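Novice: Sequence and computational prediction follow.
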Amino acid sequence: MWAEKLGKQLGRPTRSVGGWLVSKLLTVRNQVLEENAVQLCGIQPGDTVLELGHGPGLGLQSAAKLLTEPTGHLIGVDYSEYMHQMASERVKDLVASGKVTLHHCDVAAMPLDNSTVDKVFHCNCYYFWPDLRKGASEIHRVMKPGGLMVTTLRLSNVAAMAAKRVMPGENWRPEAYMAALRESGFTDVRIEDKQLENVTFQAIYATALK
């Protein structure tokens, strides 16, 4: 029972004690993953960048610093209303200036135009999506030809959560997500091991082919 409750809060935190605890956990444990996802996707000053499952907004803050040209624009989406509100407060000045736009929505149904995004990044979230293929197809739809997507995760932690049935099914396996990306039109899909100080993590890359 506890594993099921934890899985629901990790996937879609609510305004509750459990959701608050999960938000603190995400802030502490995801910071390295967020910052590295931002760096690895090679954001340019004038890019349009999308973060999926932005959580409390740490990655949004890191990415926004790199968008120094007037055309640079950052978009964030999250399925959790609580995380949407938390991130909206964290980056409220950037939202007010028009540099950042946040959407409370499903990754599989984003209110974005076709072929408008240069770079996409996310961390620790794809395995909570009900349908990997729908999510991957929607990401591909909004990306420009040749756009790069990067996701970061700690595979050992994810596997441990899966073993405790915190996450249902086999969607947690990188191979499942990578297959969905290829089927949706991405090319050069690969996973690499990364090391930063004492932290080992994985990065999945995919390029939008159109």
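Specialist: Thanks, I have the structure now. Numbering: from 1, shown residues only.
Novice: Skipping its backbone neighbours, what lies nearest the residue most central in space within the chain in space?
Specialist: In the chain, the C-alpha closest to the average C-alpha coordinate belongs to His122, at a distance of 2.1 Å (C-alpha atoms, centre = their mean). Beyond its immediate neighbours in the sequence, the residue positioned closest to His122 (C-beta to C-beta, 6 or more residues apart in numbering) is Leu52, lying 3.8 Å away. To be clear about C-beta, it is placed using only N, CA and C from the backbone, and glycine gets the same treatment.
Novice: ok, now Tyr177?
Specialist: Take Tyr177 and drop its neighbours on the chain: the residue closest to it by C-beta to C-beta, 6+ apart is Tyr126, 5.0 Å away.
Novice: quick one on the thing from earlier: distance-wise, check the residue nearest to the centre of the chain relative to Thr68.
Specialist: In this structure, His122 lies at 22 Å from Thr68, with C-beta to C-beta, to the nearest Å as the measure.
Novice: Gln31 now?
Specialist: For Gln31, the distance to Thr68 equals 22 Å [C-beta to C-beta].
Novice: Of these two, give the one with the bigger neighbour count.
Specialist: Summary of the neighbour comparison: Gln31 and Thr68, criterion other C-beta atoms under 10 Å, with Gln31 having more neighbours (15 against 10).
Novice: In contact with Leu94, which residues?
Specialist: Shown in contact with Leu94 (C-beta atoms under 8 Å, 6 or more residues apart in numbering): Leu60, Ala64, Leu74, Val100.
Novice: give me phi/psi at the residue nearest to the centre of the chain?
Specialist: phi -160, psi 160 (degrees, to the nearest 10).
Novice: tally of neighbours for Ala109?
Specialist: 10.
Novice: Correct me if wrong: it contacts Ser137.
Specialist: No. Shown here, Ala109 and Ser137 do not form a contact pair, counting by C-beta atoms under 8 Å, at 10.9 Å.
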